[in-house]
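S.K.: Build me a structure from this.
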Amino acid sequence: MSKSTITTVLPFDVHTVWTLVTDVRHYGWRSDLSRTEVRSEKEFVEYARNGYATTFTVTKLEYCKRWEFDMENTNMRGHWTGVFRSKGDNTEIQFTEVVTAKKWMLKPFVKGYLKKQQARFVADLKQALQTQGEKAKIKPADPSSAQRRQIK
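M.R.: The predicted model follows:
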């Protein structure tokens with residue numbers, strides 16, 4: 001069994017971070033996924049870019065505080081815990097994965113793989129939040145000035 005935890009503070013409110021992380025239907029910000037499939041309120045499947053599927057079963061959900069699920073594929077089974085803490089306008093996230101390899105030959109690589117995956121997830125999350133923040137700052141053009149430009 002291997003365990004890996006990543007903790008970071010993001011300069012976004014907890015609701016924004018929570019919504020992005022837990023909305024599994026909108027996975028486009030994730031560089032490691034090709035698609036997701038929501039099977040029920042408590043079960044979803046993520047497909048890696050190479051088509052490899054992992055099934056997730058939600059075991060705990062406390063709005064904007066905690067999200068937990070069991071995960072399993074042909075190579076591993078484990079549990080993921082995401083803790084979200086509001087720190088004023090910022091959010092501290094702490095994601096912990098505990099994984100057991102199903103194949104003995106994979107056991108030496110699990111810890112390194114988890115750390116790499118967690119770092120990638122957080123990097124993707126930061127990029128998506130930054131992009132979302134930049135879009136929110138863009139103000140729509142004044143229609144009258146746009147019309148004046150078209151007339152000229």
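S.K.: and the residue most central in space within the chain, what helix or strand is that in?
M.R.: Among the residues of the chain, Val21 comes closest to the average C-alpha position under CA atoms, centre = their mean, at 4.0 Å. Using DSSP states H and E, Val21 maps to helix 14-22.
S.K.: Now that helix: buried residues?
M.R.: 14, 16-18, 20-21 (16 or more other CB atoms under 10 Å). (C-beta placed from N, C-alpha, C; glycine too.)
S.K.: can I get these in TSV with pLDDT and distance to Tyr52?
M.R.: Formatted as TSV, the buried residues of helix 14-22 follow (pLDDT from 0 to 100; distance: CB to CB, whole Å):
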residue	pLDDT	distance to Tyr52
Val14	96	31
Thr16	95	30
Val17	96	27
Trp18	97	27
Leu20	96	23
Val21	97	21
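S.K.: quick one, what contacts the residue nearest to the centre of the chain?
M.R.: Contacts here follow CB atoms under 8 Å, 6 or more residues apart in numbering; on that basis Val21 touches 67, 82, 84, 93, 125.
S.K.: before we move on, the earlier item: how about the helix holding Val21 as PDB, C-alpha atoms only?
M.R.: In PDB, the C-alpha atoms belonging to helix 14-22 read as follows (Å, rounded to 0.1, in the frame of the first residue of the first chain):
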ATOM      1  CA  VAL A  14     -13.500  27.600  -2.000                       C
ATOM      2  CA  HIS A  15     -16.800  27.500  -4.000                       C
ATOM      3  CA  THR A  16     -14.900  28.100  -7.300                       C
ATOM      4  CA  VAL A  17     -12.300  25.400  -6.500                       C
ATOM      5  CA  TRP A  18     -14.900  22.900  -5.300                       C
ATOM      6  CA  THR A  19     -17.100  23.300  -8.300                       C
ATOM      7  CA  LEU A  20     -14.200  22.800 -10.800                       C
ATOM      8  CA  VAL A  21     -12.800  19.700  -9.000                       C
ATOM      9  CA  THR A  22     -16.100  18.000  -8.400                       C
END
